[in-house]
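> from the sequence below, what's the structure:
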Amino acid sequence: MHPKPLPNEPLPASHEQHYQLVVENLREVVFQLDKSGRFLYLSPAWTELTGFSVEESLGQPHLEYVHPADHAHCYEYGRALLSRQKECCKHELRYRTRNGEHKWVEVYVRLVPSEDGAYVGTFGTLNDISERRRTTDALARRERYLTAVVEIQQRLLAASPSESLFERLVGPLGEASGASRAYIFEAHRSPDGNLLFSQRAEWCAPGVKPEIANPELQNMPLERQMPRLYELLSRGQVLTGLVKDFPPEERAVLEPQSIRSLLTLPLWVHGTLAGFIGFDNCAEEREWDKLEVDLLWAAAGAIALAMEQRQSERALRERELRFRRTAENASDVLYRYQLAGTRSFAFVSGVVTRHLGFTPEEHYRDPELWHRQVHFEDREAMKRLLSEPEAQDTPVVVRFLRRDGRMVWLQHVVTPVLDATGLCVAVEGIARDITEHRQFEEALKLSEASFRILLEGVPEPAAIQRDGHIIYVNTAMVCALGFARPEELMGRHLREFFLDEEPSPPEGQVALVTGERRLRRHDGKVRVAEFASLPLLFDGEPAVVSIARDVTEQRQLQSRLSLADRMASMGTLAAGIAHEINNPLAFVITNLGYLLDELRRMPSVIPGGIASRPEVDEWRSVLMEAREGAERVRQIVRQLKTFSRPDEERVVPVDLHAVLDSAVMLAANEIKHRARLKREFGPVPPVMGNEGRLCQVFLNLVVNAAQAIPEGSAEKNEIRLLTRGVSDGRVVVEVQDTGSGIPREVLGRIFDPFYTTKPVGVGTGLGLSICHGIITSLGGEISVESEPGRGTTMRVLLPAASTGVKVEKPVAPMLAPVSQRGRVLIVDDEPAVGRALKRILREHDVELATSGRQALEKLSEDTRFHAVLCDVMMPDLGGKDLYEAVQQAGSGLERRFIFVSGGAFTQGARDFLARVPNPTLEKPFDETAVRRVVRELVMSIPVPPTGT
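A predicted model of the protein is given here:
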């Protein structure tokens with residue numbers, strides 16, 4: 001609809017209002033431009049069309065709102081109007097909207113003349129035709145895509161098997177899609193099995209750079225390089241979008257190719273990802289709509305189907321080729337015998353000439369060749385073989401007469417060939433020459449008698465089993481298992497005598513007994529044997545021979561060596577623990593003693609002061625309890641140090657009660673939840689033994705007694721330790737418990753190696769065996785008495801030490817009063833230990849050094865110290881190194897060293913302390929001993945005057 005009066009013509013007021021009302025309600029935009037192309041008037045529909053307000057657009061050049069690609073059309077139509085070639089123009093343009101998009105509009109425009117006929121501007125209308133254009137474009141695209149799909153189908157049908165499939169397809173798809181570039185990638189495997197993708201074909205629009213020669217697009221590890229793309233394609237999904245929104249690893253591949261947006265569709269062959277087809281846009285950031293994606297899906301499906309067909313054809317050709325190569329190169333004769341129509345050989349592999357002496361052509365000409373040449377006793381079997389193959393479910397062996405007159409044995413395996421109705425029309429089979437095998441079987445039967453004689457003469461136990469049952473044993477195996485006659489073992493399973501769980505072999509496989517096994521003999525004793533097994537033919541049938549070697553004594557020796565290694569490792573660990581605990585324990589005990597001394601001195605130092613307060617007694621009690629607890633820790637540490645002593649095998653007089661107390665202390669955690677402990681110690685002399693080994697024995701016996709009692713009933717059960725002397729001069733130790741007891745049938749085997757009544761994972765069966773070995777090596781005896789439900793008594797007899805030998809116990813010497821104040825240097829890397837020693841020696845002038853190097857600097861500058869208390873083990877410069885450095889200086893100060901040790905657990909430290917004459921103080925400190933040793937040095941060694 002176009003207004004009749006011109007905008008510059010005057011109208012009556014009523015007509016002008018009516019005209020204005022009509023214009024403002026039109027859906028079309030009514031506009032007027034001046035001579036320079038600027039908007040003079042815009043109807044309100046302008047805002048609805050573009051989103052720009054009328055006010056902001058008036059006075060603006062109308063070309064600012066026209067798509068740049070359409071400017072040439074505007075100029076062309078403007079020239080036609082100005083030249084009066086046309087009175088009006090009607091064309092389609094794209095106008096810009098506020099949101100940056102463009103809409104297609106139909107423009108109707110004509111000149112606005114002045115009264116004298118000159119050109120003063122233009123006016124016209126804009127009509128939104130975007131929807132119509134989209135519909136038209138969609139129909140055009142659909143037509144274009146369908147044409148491309150049809151063309152692809154025609155090219156696929158016309159393509160020869162040897163022709164490249166992809167190069168003929170990407171062109172039509174690229175042109176139909178309007179993309180800058182279309183391409184196909186194919187999946188393949190690298191020699192090491194990795195999945196790679198390579199570009200196989202490409203089409204490019206004019207002016208777009210090809211990428212087919214780009215080496216980065218060949219052999220791409222897509223799963224690692226672009227994991228998101230690989231995951232989408234592997235799930236059969238499409239990847240489409242703007243490259244700027246993609247992950248960084250994808251942009252790194254796509255942006256160097258100037259790709260701004262893309263569409264990628266998977267190619268599936270036989271249910272797996274065989275490649276993908278892609279479309280790139282390099283000129284604009286274009287989105288593909290659903291219609292385009294669906295049509296391209298159809299094209300991708302056609303390509304995938306063609307790929308699948310080609311792969312199937314190629315696989316079929318390869319299978320046929322492999323079959324013929326296999327048939328011609330196989331050592332067996334492959335054949336096909338036709339039953340439908342005239343019976344004849346349809347195929348016989350070439351090796352038949354080598355095996356039978358007759359060529360394949362002779363077989364084709366003579367269908368009865370095999371019936372004549374087969375041994376007369378086997379002719380009926382051959383007849384059934386070639387006429388009723390469905391009845392032959394096992395191999396058939398026949399004898400065949402070769403052309404040269406030699407007889408061969410042929411083993412046939414056949415299968416029927418059925419037609420669509422299920423009728424057998426042919427026989428396919430394999431004939432294997434087993435002549436040598438049959439000769440070997442005959443020779444094997446002759447050698448089995450010799451094999452029996454050989455096994456009887458073998459000193460190692462041997463057994464032959466078939467289907468898991470013993471069918472033969474030699475005399476050595478009968479004796480090894482504790483039987484009298486071989487007949488007692490016939491038909492039994494060898495694994496019946498195994499104490500170890502033996503998993504059953506998979507069905508159809510032969511059980512081979514190999515490796516180390518624990519055996520329970522007929523008399524109940526346990527032995528350890530190593531087995532080796534191998535399959536063989538015995539009496540013409542498959543069997544397994546197993547040969548054993550008794551390694552019980554060897555394993556006992558290895559177990560003892562292993563235990564010795566573990567004990568040595570435990571000793572090193574115990575020494576290390578003792579050293580680490582003794583350092584803090586030293587200053588804890590010393591500081592608690594210092595506080596107790598200070599509390600005792602308070603009444604005399606501060607009369608009527610803090611000492612008179614009622615809570616002071618409670619403080620004193622708290623400090624005494626804390627010191628008592630620390631002393632208990634010190635005793636536990638001393639027991640741990642028993643395991644770290646280097647003189648493990650030295651036999652000396654030992655206080656048996658002290659050993660028992662140590663064992664009880666170490667086993668206290670096992671005992672307290674299960675039973676009450678009672679000690680009934682009689683007057684007994686020292687025994688000859690080794691403190692560490694005896695502690696190991698009694699610790700094992702006490703722990704066994706505790707573990708025989710269930711937890712939770714400590715008030716109802718007890719463990720009793722008794723000692724007494726006997727008339728022959730020996731000492732008896734009994735460990736009694738009220739536990740579950742030991743069954744009578746196993747009581748005689750508890751000292752056997754590897755025998756245990758404890759559950760799996762709790763005991764190894766070596767503890768009592770080792771205890772027995774230790775006690776007997778010391779000249780003693782160990783025995784057991786037990787009754788189920790009434791407990792167990794373990795009795796140990798040990799030889800007493802010679803008369804007059806006593807175990808010396810350290811006696812704290814009386815401390816003489818100090819008559820001289822000395823200078824003392826304390827060297828310890830633990831500052832708290834140094835401060836604790838300083839408090840003990842507070843009657844002297846004490847200086848501290850927290851490292852060996854710091855002490856060396858002090859002693860290099862000042863040698864006027866009466867005593868140097870030096871820790872043995874320090875990280876930077878140990879006591880040994882500091883001593884030797886001072887000794888080399890020649891000052892004689894090394895004679896004033898007193899070494900402090902928290903448990904010197906290295907062999908070098910032990911050797912050093914044994915070599916030097918200097919005294920050694922153990923942590924935690926005996927304060928009396930510390931003061932005594934320092935006092936002796938202060939009183940006996942004069943200090944040189946200053947400057948000497």
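
> outside of stretch 848-856, which residues touch it?
825-829, 831, 834-835, 838, 858, 868, 870, 874-879, 881-882, 885-886 (Cβ atoms under 8 Å, 6 or more residues apart in numbering). C-betas here are computed from N, CA, C, even on glycine.

> give me the mean pLDDT for that stretch.
Per-region confidence: stretch 848-856 scores 91 on mean pLDDT.

> again with stretch 439-446
The model assigns stretch 439-446 a mean pLDDT of 70.

> what's the answer for stretch 284-291, then?
On average, stretch 284-291 scores 82.

> off-centre distance for that stretch?
46 Å (Cα atoms, centre = their mean, to the nearest Å).

> ok so, going back, in ChimeraX, select just the buried ones from the contacts of stretch 848-856.
Buried residues among these (16 or more other Cβ atoms under 10 Å), as a ChimeraX selection:
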select :825,826,827,828,829,834,835,838,858,868,870,874,877,878,879,882,885,886
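
> Arg196 in helix, strand or coil?
Careful, residue 196 is Leu; it's not Arg. strand (DSSP: H, G, I helix; E, B strand; the rest coil).

> of the contacts of stretch 848-856, which belong to strands?
Judged by DSSP state E, the contacts of stretch 848-856 include Leu825, Ile826, Val827, Val868, Cys870 as members of strands.

> got the contact list for Arg676?
Ala714, Glu715, Asn717, Glu718, Ile719.

> can we see that at 7 Å?
By Cβ atoms under 7 Å, 6 or more residues apart in numbering, the contact list for Arg676 reads Ala714, Glu718.

> which residue ranges of the stretch 401-550 of the chain form strands?
407-418, 424-433, 462-466, 469-473, 515-520, 526-538, 541-550 (DSSP state E, counting those that start in this stretch).

> the fourth one: which residues count as buried?
Going by neighbour count (16+ other Cβ under 10 Å), the buried part of strand 469-473 is Ile470, Ile471, Tyr472, Val473.

> what is the nearest residue to the last one once chain neighbours are set aside paired to in the beta sheet?
Spatial nearest neighbour of Val473, chain neighbours left out: Ala463 (4.6 Å); criterion: Cβ to Cβ, 6 or more residues apart in numbering. With DSSP bridges applied, Ala463 shows beta-bridge pairing to Val473, Ser546.

> model confidence over stretch 111-127, on average?
On average, stretch 111-127 scores 83.

> just the terminal-to-terminal distance for that stretch.
18 Å (Cα to Cα, to the nearest Å).

> which residues are contacting it?
2, 6-8, 28-35, 40, 49, 81-82, 105-110.

> what about that stretch, distance to the chain center?
Taking mean C-alpha positions (Cα atoms, centre = their mean), stretch 111-127 and its chain are 84 Å apart.

> which parts of it are buried?
Leu111, Val112, Val120, Gly121, Thr122, Phe123, Gly124, Thr125, Leu126, Asn127.

> can you report phi and psi for the fifth one?
Just to be clear, that refers to Thr122. phi -140, psi 160 (degrees, to the nearest 10).

> which among the ones in strands among the contacts of stretch 848-856 gets closest to Phe185?
Val827 (76.4 Å; Cβ to Cβ).

> per-residue pLDDT, the closest one?
Predicted confidence (pLDDT) for Val827: 92.

> go ahead and confirm it touches Asp871.
Yes - here Val827 reaches Asp871: they are 6.2 Å apart, a contact under Cβ atoms under 7 Å.

> what's in contact with stretch 191-210?
So stretch 191-210 is contacted by 166-167, 170-171, 174, 180-190, 211-212, 217-223, 275, 282 (Cβ under 7 Å, 6+ apart).

> chain center to it: distance?
The mean C-alpha position of stretch 191-210 is separated from the chain mean by 38 Å, Cα atoms, centre = their mean.

> which residues touch Asn99?
Per Cβ under 7 Å, 6+ apart, neighbours of Asn99: Gly51.

> what's the neighbour count on Gly712?
9 (other Cβ atoms under 10 Å).

> quick check: closest non-adjacent residue to it.
Nearest non-adjacent residue to Gly712 (Cβ to Cβ, 6+ apart): His673, at 7.2 Å.

> wait, that neighbour sits on Glu715?
No - under the criterion of Cβ under 7 Å, His673 is not in contact with Glu715, lying 11.2 Å apart.

> the more surrounded of those two?
The residue with more neighbours, out of His673 and Glu715, is His673; 13 against 8, by other Cβ under 10 Å.

> ok, that one to Gln736 distance?
When distance is defined by Cβ to Cβ, to the nearest Å, His673 is 19 Å away from Gln736.

> Asn25 versus the residue sitting nearest the centre point of the chain, what's the distance?
Centroid check for the chain by Cα atoms, centre = their mean gives Arg224 as the closest residue, at 21.3 Å. Noted for Arg224: a distance of 64 Å to Asn25, by Cβ to Cβ.

> quick check: the residue lying farthest from the centre of the chain vs Gly852, distance?
The outermost residue of the chain relative to its centre, with distances by Cα atoms, centre = their mean, is Asp116 at 96.3 Å. To Gly852, Asp116 is 119 Å away according to Cβ to Cβ.

> hmm, back to that, out of the buried residues of strand 469-473, which two sit at the greatest distance?
Among these, Ile471 and Val473 lie farthest apart (Cβ to Cβ), at 8.8 Å.

> before we move on, the earlier item: state the distance from the residue farthest from the centre of the chain to Leu599.
Distance from Asp116 to Leu599, by Cβ to Cβ: 129 Å.

> also Asp128?
104 Å.

> Leu455 too?
87 Å.

> check Val417 too.
110 Å.

> for Ala306, grab the count of nearby residues.
For Ala306, using other Cβ under 10 Å, the count is 21.

> and whatever helix or strand it lives in, what's buried?
Under the criterion of DSSP states H and E, Ala306 resides in helix 290-329. By neighbour count on 16+ other Cβ under 10 Å, the buried set for helix 290-329 is Glu292, Leu295, Leu296, Ala299, Ala300, Ala302, Ile303, Ala304, Ala306, Met307, Glu308, Ala327.

> ok and it relative to strand 424-433, angle-wise?
Orientation of helix 290-329 against strand 424-433 (axes from the mean of the first three to the mean of the last three Cα atoms, to 10 degrees) gives an angle of 50 degrees.
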